[in-house]
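Student: 3D, please:
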Amino acid sequence: MTKVGVLVGSLRKGSYSRKLAENLVEYFPEVYETEFIEIVNLPFYNEDLDTGTAPDEYTKFRRKMHDMDAFLFVTPEYNRSVPAVLKNALDVGSRPYGDSVWAGKTGAIVSNSPSNLSGFGANHHLRQSMVFLDVQMLKQPEAYIANIADLLDENGKINNEGTVKFLKSVIAAFVELIETFKK
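Tutor: Coordinates of the predicted model:
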């Protein structure tokens, strides 16, 4: 079974990114196992903490991430960039040097915004880090979801068939990429 770790860049209760991610995981084939990876309790990366015995949160996170075959990032945009909590997860996972949890795996990004801007900046800032971290990223289709609040019904389900169709195509392309790069 292929394991996909889902990292959500928003910590807010009722987060649009979390609701969007919950919709996205439903579009994976049954032979895929998705798991939401919680990043809220990761201490900010500090190399001093990693010298000797790393914090338990770092160790547990890294162990879980090493077990994943691929990663789906669902994120809002904060100040034209990636939320600090998500960037911190990238940093924690990239250390210790030479043992990155990200290297050689596949990834996809779906950014979103309650406005028309759709999270373009966050998507591309995250993509830039992932290229450096040696993650084979889904290039097409790019997924920037604008006006996310209007696309979710009272149960958190996407209420627009065109958007559902598009998001299913994103997951289908991601699955194809994962299958291409399976070790």
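
Student: which residue is nearest the centroid of this structure?
Tutor: Centroid-nearest residue in the chain: Phe73, 1.3 Å away (criterion: CA atoms, centre = their mean).

Student: after the worst-scoring helix or strand of the chain on mean pLDDT, next one along is what?
Tutor: Lowest by mean pLDDT, DSSP states H and E among the helices and strands of the chain is helix 47-50, with a mean of 90. Sequence order places helix 56-66 as the next helix or strand after helix 47-50, per DSSP states H and E.

Student: and Glu77, how far is that from His125?
Tutor: Note on Glu77: its distance to His125, by CB to CB, to the nearest Å, is 9 Å. Heads up, the C-betas are built off the backbone N, CA and C, glycines and all.

Student: also Lys3?
Tutor: Here Lys3 is placed at a distance of 26 Å from His125 (CB to CB).

Student: ok so, going back, which one's more surrounded, Glu77 and His125?
Tutor: Neighbour totals were compared for Glu77 and His125, and Glu77 leads with 24 against 19 (other CB atoms under 10 Å).

Student: mind checking pLDDT for that one?
Tutor: On the pLDDT scale, Glu77 is placed at 90.

Student: my read: it touches Ser113, true?
Tutor: Yes - with contact defined as CB atoms under 8 Å, Glu77 reaches Ser113; the gap is 5.6 Å.

Student: what sits in contact with each of those two?
Tutor: Both Glu77 and Ser113 are contacted by Gly119, under the criterion CB atoms under 8 Å, 6 or more residues apart in numbering.

Student: off-centre distance for the least confident helix or strand of the chain?
Tutor: In terms of CA atoms, centre = their mean, to the nearest Å, the centre of helix 47-50 is set 25 Å apart from its chain centre.
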